[in-house]
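> here you go, sequence then predicted model.
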Amino acid sequence: MKSFDLSLYLVTDRSLSLGRTLEYIVTEAAKGGVTMVQLREKDCSTLEFYQQAMLLKECLRPYNIPLIINDRLDIALACDAEGLHIGQSDMPYAIARKLLGKDKIIGLSVECLQDAIDANELDVDYIGISPVFGTPTKTDTAPALGLNGIREIVKISRHPAVGIGGINRTNAANIILAGADGISVVSAITSATDPKEAALQLRSIINQTIKKTINQ
Ligand SMILES: Cc1ncc(COP(=O)(O)OP(=O)(O)O)c(N)n1
Ligand SMILES: Cc1ncsc1CCOP(=O)(O)O
Ligand SMILES: [Mg+2]
């Protein structure tokens with residue numbers, strides 16, 4: 001059975017980890033309450049990517065947190081990851097699903113309302129609304145969608161949704177209040193002096209905000 005929690009989704013980037021290993025960042029983030037982890041490394045050989053994926057799988061096993069692989073369907077298959085994240089220019093969804101099977105998690109980036117309408121035709125497991133705000137972490141993005149973009153997309157989408165791009169503890173609550181099921185962050189945890197504390201703070205903001213939306 002595929003069950004996962006999008007509420008606090010860490011996406012990795014070794015170049016932003018201030019010299020610390022991804023195993024360290026991911027383990028601390030797991031202790032702080034992240035619910036999903038995506039291995040996203042844009043400058044990595046296939047061997048390094050595979051080895052890194054295997055190491056993260058080991059780190060996450062005790063916490064029962066799914067490991068999602070960004071872009072690389074081959075690596076997702078090779079390390080038997082829980083899922084794959086694809087964007088609008090990546091492997092087509094139908095091929096990814098055919099090769100991964102129905103039990104794996106597949107996430108798809110949506111960069112505009114039309115992408116979200118198109119995604120309604122696909123059995124993706126979640127959408128990543130991307131980017132919500134501008135961010136130095138990824139500069140080759142579509143224009144930022146803002147909170148109104150989230151509202152518009154979640155209104156029409158039949159899929160669970162996570163916001164990504166420029167999200168941190170100052171704006172995390174607004175992402176949930178705009179209707180997303182969770183937040184996805186790179187630098188807010190990866191570049192924090194104390195990644196566990198950063199995850200704990202985001203966790204607490206999300207929990208409080210979700211509680212508020214339920215009681216409304
Ligand atoms: C959760 C999540 N949402 C969006 C993205 C962006 O994916 P993509 O558009 O394919 O860009 P790259 O990350 O591959 O540069 C994501 N990775 N995760
Ligand atoms: C992978 C990705 N996709 C859209 S924005 C982004 C990077 C988000 O990084 P940060 O959380 O540091 O703004
Ligand atoms: Mg991609």
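That came through fine. In this text, all values refer to a predicted model and were calculated from it rather than measured experimentally. Ligands and ions are numbered 1, 2, ... in the order given.
> Arg14: neighbouring residues, count only.
Residues lying near Arg14 (other CB atoms under 10 Å) number 19. All C-beta spots, glycine's among them, are computed from the backbone N, C-alpha and C.
> chain neighbours aside, what residue packs nearest to Ala166?
Actually, residue 166 is Gly rather than Ala. Nearest non-adjacent residue to Gly166, counting by CB to CB, 6 or more residues apart in numbering: Phe133, 3.0 Å away.
> likewise for Val11?
Once flanking residues are discounted, Val11 sits nearest to Gln38: 4.4 Å by CB to CB, 6+ apart.
> repeat that for Gln208.
Counting by CB to CB, 6+ apart, Gln208 lies nearest to Ala173, which is 7.6 Å off, once chain neighbours are set aside.
> what's the answer for Cys44, then?
Nearest residue to Cys44 in three dimensions, chain neighbours excluded: Gln52, at 7.1 Å (CB to CB, 6+ apart).
> which residues does Lys212 contact?
By CB atoms under 8 Å, 6 or more residues apart in numbering, Lys212 lies in contact with Leu177.
> can you check Gln51 too?
Gln51 neighbours (CB under 8 Å, 6+ apart): none.
> which residues of this structure score low on pLDDT?
With pLDDT under 70 as the threshold, the chain has low-confidence stretches at 1.
> surely Cys59 touches Glu23?
Yes: contact criterion CB atoms under 8 Å: Cys59 and Glu23 qualify, at 5.2 Å.
> those two: which is more packed in?
Cys59 (21 against 14).
> which helix or strand contains that one?
helix 46-60 (DSSP states H and E).
> do that helix and ligand 1 meet at all?
No: using CB under 6 Å from any ligand atom, we find that helix 46-60 stays clear of ligand 1, coming within 12.8 Å at best.
> ok, how many other residues are close to Glu41?
Applying other CB under 10 Å, we find 20 residues neighbouring Glu41.
> actually, Leu84.
Leu84 has 28 nearby residues by other CB under 10 Å.
> how much space separates it from ligand 3?
Using CB to the ion, to the nearest Å, Leu84 is found at 10 Å from ligand 3.
> go on, Ile86?
Distance of Ile86 to ligand 3, given as CB to the ion: 6 Å.
> kindly report the same for Ile129.
Counting by CB to the ion, the gap from Ile129 to ligand 3 is 14 Å.
> many thanks, we can stop here.
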